[in-house]
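Student: Need coordinates for the following:
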Amino acid sequence: MFGCDQTVTLTHLHYDGDADRDVKEETTLTGVSWYGQVKTAVDSTGLHAARVYKCRIPESAAPRLAGHCPRRQDHLRHRDRHRAGRA
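Tutor: You can find the predicted model right below:
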């Protein structure tokens, strides 16, 4: 995949019933593609803008996920700035 030269950290929170606590798992993925843009739309209430970030994880980075696909509630962190987003 073209442009896969970025590193991100995938954070997954889940509940461990045996320990009765939340567990945070972080996985660093190298060789991914990350880019952002601003999307705008105009409707009857005015102008609306939103930042949209896309992260593409090629199969070559997938083994580091240990069989866990990113889920909707997971967070991605790119470089040193945190992007709370849906994976």
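Student: for the chain, what spans make up the strands?
Tutor: Here the chain has its strands, by DSSP state E, at 6-16, 21-43, 46-56, 75-78, 81-83.
Student: Beta-bridge partners for the most centrally placed residue in the chain, please?
Tutor: The centre of the chain sits closest to Leu76, judged by C-alpha atoms, centre = their mean, with a distance of 3.2 Å. Beta-bridge partners recorded for Leu76 (DSSP bridges): Leu10, Arg83.
Student: ditto for Leu29
Tutor: Here Leu29, judged by DSSP bridges, has bridge partners Val8.
Student: Can you report how many residues neighbour it?
Tutor: 19 (other C-beta atoms under 10 Å). The way it works is simple: take the backbone N, C-alpha and C, and place the C-beta from them, glycine included.
Student: Would you agree it is in contact with Cys4?
Tutor: No. Using C-beta atoms under 8 Å, Leu29 is not in contact with Cys4, being 10.1 Å away.
Student: what residues do the two have in common as contacts?
Tutor: Counting by C-beta atoms under 8 Å, 6 or more residues apart in numbering, the contacts common to Leu29 and Cys4 are Ala61.
Student: Need the per-residue pLDDT for the residue nearest to the centre of the chain.
Tutor: pLDDT, Leu76: 85.
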